[in-house]
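K.L.:
I'd like to go over a predicted model; first the sequence, then the structure.
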Amino acid sequence: MISIIGAGRVGSALAFLLTSEALDDVVLVNKPKNKAIGESLDIMSALPATTKTTITGTDEMNKIKKSNIVVITASAGTIKDERTDLLSFNVPIIEEISKDIRKFADDAKIIVVTNPVDIITYQVLKETEFDSHSVIGMGSSLDSTRYRYLIAKELAAKQNQIEGIVMGEHGNTMVPIFSSVKIDGKDLELDKKQRSQISTELKNFWRYLIAYKGESVFGAAKNTYDMVKAIFLDKQIFVPAQVYLDGEYGFNNLCMGVPVVLNGKGIDKITEISLSASESELLGISALRIKEIIEKMKMEKSY
């Protein structure tokens, strides 16, 4: 069973993807429950005729019992300048959700979508006391998809021709890794002007979406779906994700976007790739930013 906590636009889009692909039974949890029930009733019509899977809408967290995977998309508040604006709204919500996951689904793999995802992933890990390989944040996967799109646009190429990843914070200090970009499997060197333009567009991508349509929906849902599918089917994929670092890349006791291998274990391994000197420096700045935010969070529990 796969549980989604939060029936907003991303949670509902993810539920639609999971249901239409008949991956497994889905439980959609939301408060107020009418939203979860309504979305579930609507999504029922996407069930393939031959499927044995179901979708249920509820506000009862005990319904997530024995879930293989729990996805957290629940969020409140409004972003004014950056994703960390959501901290004061989302930290109390996530604290309660984490307690319920620990109570009802203590063997689940958790995928965090809620922003600011680096901080919330860290909070979920500490609140649940799960193994670090079981808690994964989605943010850098989405950033990397956008990154490949922007490079493809710049080169008038197709997105599937481009290989490229983004590391660090899912926020203003994210680090696009230009040193390992490839096109059709061959190294690609972009000039300074191109790198600057792509970096700026990447960091402001979410602002464009808010201006045009209010929020990111389908990109976040699809990148999350790919993670869920890999874990559920034990299918190995390489993807950047927010994970707990314990010495990797020289950082400790924080969650940040780095390349990982996902499979049925959750995080099978963290992959350390070669970075240029400037990329290493920028990644250090990003890590420091995340650490500072963690230190500023005055939670009831001491992490």
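P.N.:
Here it is on my side, so go on.

K.L.:
Grab the nearest non-local neighbour of L209.
P.N.:
Leaving aside its sequence neighbours, L209 sits nearest to S216 (C-beta to C-beta, 6 or more residues apart in numbering; 5.0 Å). To be clear about C-beta, it is placed using only N, CA and C from the backbone, and glycine gets the same treatment.

K.L.:
That neighbour - how many residues pack around it?
P.N.:
S216 is flanked by 19 other residues according to other C-beta atoms under 10 Å.

K.L.:
Now do the lengthiest strand in the chain, average pLDDT.
P.N.:
The longest strand of the chain (DSSP state E) is strand 252-263. In this model, strand 252-263 carries a mean pLDDT of 97.

K.L.:
Give me the helices and strands touching the helix of greatest length in the chain, please.
P.N.:
If you go by DSSP state H, the chain has its longest helix at helix 277-296. Here helix 277-296 touches helix 117-128, strand 166-167, strand 175-176, strand 252-263, going by 3 or more C-beta pairs under 8 Å, 6 or more residues apart in numbering; DSSP states H and E.

K.L.:
Starting from the last one, tell me the next helix or strand along the chain.
P.N.:
So that's strand 252-263. The helix or strand immediately downstream of strand 252-263 is strand 266-270, counting by DSSP states H and E.

K.L.:
and that following strand, which strands flank it?
P.N.:
Strand pairing for strand 266-270, using DSSP bridges, gives strand 252-263 (antiparallel).

K.L.:
Between helix 277-296 and the partner strand, find me the angle.
P.N.:
Taking axes from the mean of the first three to the mean of the last three C-alpha atoms, to 10 degrees, strand 252-263 and helix 277-296 form an angle of 110 degrees between their directions.

K.L.:
what's the angle between strand 252-263 and helix 117-128?
P.N.:
Angle, strand 252-263 to helix 117-128, by the same axes, to 10 degrees: 90 degrees.

K.L.:
So D184 sits against K158, correct?
P.N.:
No. Counting by C-beta atoms under 8 Å, D184 sits too far from K158 to count as a contact (9.8 Å).

K.L.:
in the longest strand of the chain, what counts as buried?
P.N.:
L254, C255, M256, G257, V258, P259, V260, V261, L262 (16 or more other C-beta atoms under 10 Å).

K.L.:
Out of those residues, flag the one nearest to Y244.
P.N.:
Taking C-beta to C-beta as the measure, Y244 lies nearest C255 of those, at 5.2 Å.

K.L.:
contacting residues for I136?
P.N.:
Under the criterion of C-beta atoms under 8 Å, 6 or more residues apart in numbering, the neighbours of I136 are 109-112, 121, 227, 241-243, 260, 262, 266-267.
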